[in-house]
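[1] just to be clear, the model below is a prediction. Sequence and coordinates:
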Amino acid sequence: MNAELESQPAAAAVPEDKVLAAFVHYYNPPEQTDAAAGSEQLADLLRKLPSLSLEEHVDTIHVQLGKHHPGISLTREHHALITFVDEAFTQMLKRTDLDFRVESFVRDLAPLVAAIAVEENFHAITGKQHLFTLMDTLLEECIGWSEDLGVLGEQFMEKITVVITGLTSGRASVTQAIKALKKHFDKEAPLHTKLEKRLCDRELETLAGKKGQFYSAELLNREMTGQKLPLFIIFMLQGPWYEFIRQVFIQFGEDSKEWQNAGKITEALIWSLQPRKDKAKQQSVMGSVPQNIRKLCQKASFNTDAVLASLADVEEEYNALRRNTPSDPCDFELLETDQSLAQALQAATPEAVERIRKVQPGEWYLYDDKNEPDEKVARVKLILNWHETEQLLLTNHNRRKVIDMTYTEMINHLGSGVLKNLNLHSTTPDAIASHLTFVLKAVSDQNKKEKQIEELKRRRAESVSYQKRRKEDLVMELRRLQKRAKVKKQRALVLRHKAEKKQTLAKNMVSSLRQDAWVKLPVMEGTLTPCKLVAIIPGNDNYIFANRAGLKVAEYTGGQLAHMIVTENSEILDTGAEFESALATVVSGLREDKGKSYDELTGDTG
């Protein structure tokens, strides 16, 4: 290769003929034997290739050409160019972990990319193309999809399949496919955003409550440790006062003046109840504590009746202290605290915690813990990174909660490989250009090595050895690709079987329902309401439900009820079978007792 290629292997700086020459040198394609297909003919054949099953497609472009167009002859440049496109797609997909079906979509577009490179110009596939916009949209929207998402996940994938098959079969243009995908994703986006917000709000409320409980218990335990306190003061502190300061934490926050005042009042209250030499100061504190508690209660937006009522016990004990007749102290146990939250609030290392703190919601991960007995595999999206409690919330493609974890757990999972980031963080043309730079640099490095060999025989031996290694690497890469695809397909089948098993179980549960059964239903948005099954219409397979007042509130088919149970939008409380069984027992007993005498029934022998 010439000095220009050796010194500057960047994609934009190398003319197309030099790039093709580098490909020939790098991939060492077979010699041309027959009249080779021209660029226009080859491009037309490539566009007709993406017609395989989307679920079975793992073949390279060369294998597809051999299957669908046997006997075709290619120039060495075209052969090497197609090999580069295949390898670029493989390298791009290796940077993430897509579901088997989604990966098939992407690979089915590889021949179309190769057609652009053959017909137009190689550098066309490192710049802007409508096809790349389609691929990037597909990767961004489908990255979290997997086989175990149930009916909603399958409906989502069916719509994507229609668009891609329309494109690969020639029924639709790239522009039409992009428009169809955009329309579908734009329609889904508001719903997904709403579901994610609702899930975040619910989890934030839960996390805030947990943190309030933790800090309030920690505050009381710290101040009460080693102190002598009467029984009813212990009840007041660990009962109404604990609940009050917990609510203060939730309403005003950890850094608020109100929370700081709550801590000072707690300290002053306990201090004032201990034996003190400075009686004047003790009397002053006893006079200010109830007043400060009442002032803090006035600022609260929640109900403070309980803590205000408990002030009577405090003031009674203060009066006893003034009379020098304090109540006897009692032993007590400290409040229990959530140790998992305590560990979460302890930083692993400042650097690691700061890295997790900077992770923005929207990142997708593959969760694969091989140490679990039933290996759990899921593609999850980060939707909440709450710095205050160092907690993270991750959902799936259906926007349902999958897992929550602490910063420490996230750090450990990333380090052990249990969590793997799926986002590509680069566009398709960027990925192709990156692989081109890699190939050109490899050829440049090889040329430099060859030029350093003084003897021609040694130079030829080095070149032969290099080409042999490249062929072996390509064969091994193809085998790894086929093995990886097989594993993905097996995993997809397992997940699909689990989803089908869950659906069958739900159908069996629905079929067991009897009249007077009670089922929780989504009558109102955001909540499940207990409803009574008042009628089953066998002909239409319809189930009619009423509320506690006897008014009809819902009517579903058996299939709809089963789907709602699978998606956790319904819950069976009582199948109604127990009442029928009890009634049958009573009726049988009445029939048996009908012929018995009074003495036999009562057991009276007197």
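    Perfect, thanks for sending it. Numbers count the residues shown, from 1 in each chain.
[2] every contact and neighbour count from this point should use C-alpha atoms.
    OK.
[3] where in this structure is pLDDT low?
    Scanning the chain with the threshold set as pLDDT under 70 gives 1-13, 50-58, 204-205, 207-208, 338-348, 373-375, 453-456, 577-606.
[4] what's the closest non-adjacent residue to the residue nearest the centre of it?
    What sits nearest the mean C-alpha location of the chain, by Cα atoms, centre = their mean, is Val380, with 2.0 Å. What sits nearest to Val380 in space, not counting adjacent residues and going by Cα to Cα, 6 or more residues apart in numbering, is Asn396, at 4.8 Å.
[5] and what of Val106?
    Spatial nearest neighbour of Val106, chain neighbours left out: Met135 (6.8 Å); criterion: Cα to Cα, 6+ apart.
[6] Glu147 against Lys498, yeah?
    No: using Cα atoms under 8 Å, Glu147 makes no contact with Lys498, being 9.4 Å away.
[7] settle it for me: which of those two has more neighbours?
    Legend: neighbour count by other Cα atoms under 10 Å for Glu147 and Lys498, higher for Glu147 (22 against 15).
[8] now for the lengthiest helix in the chain, which elements pack on it?
    For the chain, the longest helix by residue count, based on DSSP state H, is helix 456-511. The contact analysis (3 or more Cα pairs under 8 Å, 6 or more residues apart in numbering; DSSP states H and E) places helix 456-511 against helix 16-27, helix 100-108, helix 428-451, helix 558-566.
[9] can you list the buried residues in the longest one?
    For helix 428-451, a neighbour-count test (16 or more other Cα atoms under 10 Å) marks 428-437, 439-444, 446-447, 450 as buried.
[10] circling back to that earlier point, centre of the chain to the longest helix of the chain, how far?
    Remark: helix 456-511 is offset 24 Å from the chain centroid, using Cα atoms, centre = their mean, to the nearest Å.
[11] same question for stretch 136-155.
    Remark: stretch 136-155 is offset 12 Å from the chain centroid, using Cα atoms, centre = their mean.
[12] before we move on, the earlier item: could you confirm the residue nearest to the centre of the chain falls within a strand?
    Yes: assessed with DSSP: H, G, I helix; E, B strand; the rest coil, Val380 lies in a strand.
[13] which residues of the stretch 101-250 of the chain fall in helices?
    110-119, 130-142, 150-168, 174-224, 231-236, 242-252 (DSSP state H, counting those that start in this stretch).
[14] okay if I get the ones you listed as CSV plus mean neighbour count and distance to Arg459?
    Below are the helices of the stretch 101-250 of the chain laid out as CSV (neighbours: other Cα atoms under 10 Å; distance: least, Cα to Cα, whole Å):
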stretch, mean neighbour count, distance to Arg459
helix 110-119, 22, 33
helix 130-142, 18, 41
helix 150-168, 17, 46
helix 174-224, 16, 48
helix 231-236, 18, 90
helix 242-252, 21, 75
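[15] for Gln260, find the nearest of those helices.
    With Cα to Cα, the closest approach to Gln260 among those belongs to helix 242-252: 9.4 Å.
[16] next SSE after the closest one?
    Next helix or strand after helix 242-252 toward the C-terminus (DSSP states H and E): helix 257-272.
[17] check which element follows that next one along the chain.
    helix 279-299.
[18] now do the next helix or strand after that next one and helix 257-272, the angle between them.
    Later in the chain than helix 279-299, the nearest helix or strand by DSSP H and E is helix 305-322. Helix 305-322 runs at 30 degrees relative to helix 257-272, counting by axes from the mean of the first three to the mean of the last three Cα atoms, to 10 degrees.
[19] from the contact counts, what lies against helix 305-322?
    Applying 3+ Cα pairs under 8 Å, 6+ apart, one finds that helix 305-322 contacts helix 231-236, helix 279-299.
[20] which of those helices is buried the deepest?
    helix 231-236 (a mean of 18; mean count of other Cα atoms under 10 Å).
[21] helices or strands up against it?
    For helix 231-236, the packing partners by 3+ Cα pairs under 8 Å, 6+ apart come out as helix 305-322.
[22] the helix it packs on: how far from the chain's middle?
    Centroid displacement of helix 305-322 relative to its chain, using Cα atoms, centre = their mean, is 51 Å.
[23] other residues contacting the helix or strand just after that helix?
    Downstream of helix 305-322, the next assigned helix or strand under DSSP H and E is strand 329-330. With contacts defined as Cα atoms under 8 Å, 6 or more residues apart in numbering, strand 329-330 is touched by 228-231.
[24] how long is stretch 381-400 end to end?
    The straight-line separation of the ends of stretch 381-400 (Cα to Cα, to the nearest Å) is 10 Å.
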